[in-house]
Each structure stands twice: as structure tokens, then as C-alpha cells.
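Engineer: build the 3D model from these lines:
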Amino acid sequence: MDISGRIIELAAPAAEAVGLVVEGVDVTAAGKRSRVLVTVDLPETEVGSAELDKVAEASRAIGAALDEANVPSTPYVLEVSTPGTDRALTERRHFLRARTRLLELRLADASVTGRLTDVDGDELVLDVDGEQRRVPLGDVAEGRIVVELKRLGEN
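Structural biologist: Okay, here's the model as predicted:
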């Protein structure tokens, strides 16, 4: 098993203990140390953003798990972060987490911008200018969250 896989094995239970899931791990050389970036997020069943306190708690738990297992075995700097709004939406679970958000989708033959109201099977259900539009996940070449300064339901 490679180092990233081993880190995921150790980090996942620590993140889950505080209600988060590990989205990915990236290990890169940083001088004489390694940089270990663990990306965590809320489970796909939840809508919203991971609270900073939970990310900090996950960071401490992940760091302790890595230290106890001596993984990596060389000096490293641990960073625990969330994916951020600029990440590409590439998997069904990413779209599940993006429910209620305004999305911009690039399809093979067009682009569409709308609010994601649901993920129904393998289809995205969008509100596009007040009309429901269904887009098969397989038709999405690229998906991104549109950053809004004022979210749905806020005054």
C-alpha cells in the first residue's frame, strides 16, 4: 500500500469520530519534510459547510493517529482542510454535498447555470430560472459551485 493509502486508513476513523469524512490525501516533498494535506468534508447526506472547530478537532485526531502509527516515518507537516468552493464537482457525492447551491455545469454541447435542488439517482435536479431541469450526471463534463455573497434563504 502506498503512503497516501496508509494515511487514509489512519485518518478516516479519526475524521469520522468528529462527524467528517476524508475526501483525499496529498503527500508532497517540502524541503527536508513532507507536506501531508488531508482534505475533509461533511458526509454526503449533509448540506452546509464543515465547522472550523470540527476541522481543528479532526486535525488533532488525525495528527495523533499518524504519530502513533509513525506514518509517515520521516518528518512531515500536517495540513487538514476542506475542499473549498472552487473544487471541481466530479462525483455524485460532490453533487449531493452541493444541494441548495448555485452551480455552473459544462455539458458536452452547452452550459447551464441553476440551483441544485436534488440528486435523484443519476440525475441532477436543477432550478433554472424557476423551471425544473434534469441533467444526467453522465452528461456533465465539469461542474462548479458559483460563489454567492448572499445565500438562498438569507436576508
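Engineer: break this structure into its domains for me.
Structural biologist: Following automatic domain parsing, the chain resolves into domains at 3-81, 92-145.
Engineer: okay if I get these as TSV plus mean pLDDT?
Structural biologist: Listed next are those as TSV, based on pLDDT from 0 to 100:
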stretch	mean pLDDT
domain 3-81	93
domain 92-145	94
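Engineer: make JSON lines out of those and add mean neighbour count.
Structural biologist: (Each C-beta comes from the backbone N, C-alpha and C, glycine too.) Listed next are these as JSON lines, based on neighbours: other C-beta atoms under 10 Å:
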{"stretch": "domain 3-81", "mean neighbour count": "16"}
{"stretch": "domain 92-145", "mean neighbour count": "15"}
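Engineer: and the helices in this structure?
Structural biologist: 3-16, 52-69, 92-97 (DSSP state H).
Engineer: wait, which of those is closest to Glu44?
Structural biologist: In terms of C-beta to C-beta, the element of those nearest to Glu44 is helix 92-97, at 4.1 Å.
Engineer: for the closest one, packing partners?
Structural biologist: strand 111-120 (3 or more C-beta pairs under 8 Å, 6 or more residues apart in numbering; DSSP states H and E).
Engineer: okay, now the sheet partners of the strand it packs on, with direction.
Structural biologist: Strand pairing for strand 111-120, using DSSP bridges, gives strand 102-107 (antiparallel), strand 123-128 (antiparallel).
Engineer: make CSV out of those and add distance to Ala88.
Structural biologist: Putting these into CSV (distance: least, C-beta to C-beta, whole Å) gives the following:
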stretch, distance to Ala88
strand 102-107, 10
strand 123-128, 15
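Engineer: quick one: closest of those to Asp139.
Structural biologist: strand 102-107 (5.1 Å).
Engineer: which residues touch the closest one?
Structural biologist: Strand 102-107 is contacted from outside by 89, 111-116, 124, 126, 135, 139-146, 148, using C-beta atoms under 8 Å, 6 or more residues apart in numbering.
Engineer: 7 Å instead?
Structural biologist: The contact list for strand 102-107, computed with C-beta atoms under 7 Å, 6 or more residues apart in numbering, reads 111-116, 135, 139-146, 148.
Engineer: same question, stretch 32-41
Structural biologist: 7, 11, 15, 20-28, 50, 55, 58, 62, 72, 74-83, 97.
Engineer: could you rerun that using 8 Å?
Structural biologist: 7, 11, 15, 20-29, 50, 55, 58, 62, 66, 72, 74-83, 97.
Engineer: now stretch 7-24
Structural biologist: Counting by C-beta under 8 Å, 6+ apart, residues outside stretch 7-24 touching it are 1, 25, 27, 36, 38-44, 50, 54-55, 57-58, 61-62, 64-66, 69, 71-72, 83.
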